[in-house]
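K.L.:
here you go, sequence then predicted model.
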Amino acid sequence: MGPERAAAGEGGLAAIVAARNEADRIGATVAALRGALPGVRVWVADDASEDGTAEVALAAGAEVVSRGRPHGKGANVSAAAEAALSVEEPPSLVLLCDGDLGETAARLAPLVAAVEKGECDLAVAAFSRRVGGGFGLALGFARWAIRRLCGAETEAPISGQRAMRTEVLRACLPFAKSYGMEIGMTVDAVRAGYRLGEYELDLEHRATGRNLAGFLHRARQLRDFLRVFVLRLNAN
């Protein structure tokens, strides 16, 4: 029972792609998803890109949810998820991914298959190859925060590549703000009794390095991780 059946089954499969200024990669990402997952309905959550991302995504066959100003990843993907769930025949399975995967987005099919086969309720991709990154502070905090909040041990706590049944998605909406989205999703799903599974996949993305831009990006991530930790801790 593979991804082809998941795409063709009752309600079908929706893929929601997070993107901001990914015009050079979003077309390949959408094409890869449509090629690997027959029948998938692709939605691009465009966070007010300024480089034509929305136009490229539309040309590649995606539906685009975009607003006039940036809202951050969590809010923008929440809006796209609500749109995907509001159609006449909502999907039974949902795949989330980042817009910078390019052609390697085709390798996400095992996540869909894992959920369909009942191996887990929330399948998360762990990158088999690490490219870029800093000194691991933000990543380490994310792992600790998830363990502290719900007891789950994770290798890929902030991976945006995730598959789940619609009921799991609904239980996690709205997503936590900005970069806190993935931590909040994991904690909310596990607390609701859903099973988490991680799968090592050979994926590529636009990595940040050990330069000023990279460190600023990870500082913003850590800020958002701390925010979602405090909110979930107080809600426990």
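P.N.:
Nice, I can see it. Numbers count the residues shown, from 1 in each chain.

K.L.:
contacts, neighbours, all on C-alpha from now
P.N.:
Noted.

K.L.:
which residues in the chain form strands?
P.N.:
Counting by DSSP state E, the chain has these strands, from start to end: 13-19, 41-46, 63-66, 93-98, 122-127, 162-165, 196-201.

K.L.:
buried set for the second one?
P.N.:
Applying a neighbour-count criterion of 16 or more other CA atoms under 10 Å, the buried positions in strand 41-46 are 41-46.

K.L.:
between the residues you listed, which is closest to G61?
P.N.:
V42 (7.6 Å; CA to CA).

K.L.:
residues contacting that closest one?
P.N.:
V42 makes contact with 14-17, 30, 33-34, 61-63, according to CA atoms under 8 Å, 6 or more residues apart in numbering.

K.L.:
let's see the pLDDT reported for R148.
P.N.:
With respect to pLDDT, R148 has a value of 97.

K.L.:
and for the one 4 residues further on?
P.N.:
At A152 the predicted local distance difference test score is 97.

K.L.:
what about it, how many residues nearby?
P.N.:
18 (other CA atoms under 10 Å).

K.L.:
do the same with V87
P.N.:
9.

K.L.:
how about the contacts made by it?
P.N.:
Per CA under 8 Å, 6+ apart, neighbours of V87: none.

K.L.:
tell me how far it lies from P174.
P.N.:
For V87, the distance to P174 equals 18 Å [CA to CA, to the nearest Å].

K.L.:
got the contact list for E119?
P.N.:
Contacts of E119 (CA under 8 Å, 6+ apart): G197.

K.L.:
among the buried residues of strand 41-46, which one lies nearest to A113?
P.N.:
R41 (16.5 Å).

K.L.:
could you give the bridge partners of the nearest residue to the closest one once chain neighbours are set aside?
P.N.:
Once flanking residues are discounted, R41 sits nearest to A14: 4.8 Å by CA to CA, 6 or more residues apart in numbering. Beta bridges link A14 to R41, V94, judged by DSSP bridges.

K.L.:
count of residues packed around A138?
P.N.:
Neighbour count of A138, defined by other CA under 10 Å: 20.

K.L.:
surely S66 and G52 touch.
P.N.:
No. Checked against CA atoms under 8 Å, the pair S66 and G52 is beyond contact range at 11.6 Å.

K.L.:
with neighbour numbers in mind, choose between the two.
P.N.:
Comparing S66 with G52 by other CA under 10 Å, the one with more neighbours is S66, at 20 against 15.

K.L.:
skip the chain neighbours and tell me the closest residue to that one.
P.N.:
D46 (4.9 Å).

K.L.:
unless I'm mixing things up, that neighbour is touching G68, no?
P.N.:
No. Under the criterion of CA under 8 Å, D46 is not in contact with G68, lying 10.0 Å apart.

K.L.:
show me what contacts G118?
P.N.:
Counted by CA under 8 Å, 6+ apart, G118 has zero contacts.

K.L.:
pLDDT (mean, whole number) over stretch 170-189?
P.N.:
95.

K.L.:
in it, what counts as buried?
P.N.:
172-189.

K.L.:
now, which of the residues you listed lie within helices?
P.N.:
172, 181-189 (DSSP state H).

K.L.:
what stretches of the protein score poorly on pLDDT?
P.N.:
By pLDDT under 70, the weakly predicted segments of the chain are 1-10, 129-135, 206-215, 217, 236.

K.L.:
any figure for the gap between the residue nearest the centre of the chain and F127?
P.N.:
Note on the chain: the residue nearest the mean C-alpha position is G160, at 3.2 Å, using CA atoms, centre = their mean. Distance, G160 to F127, using CA to CA: 11 Å.

K.L.:
do I183 as well
P.N.:
Relative to F127, and taking CA to CA, I183 is found at 17 Å.
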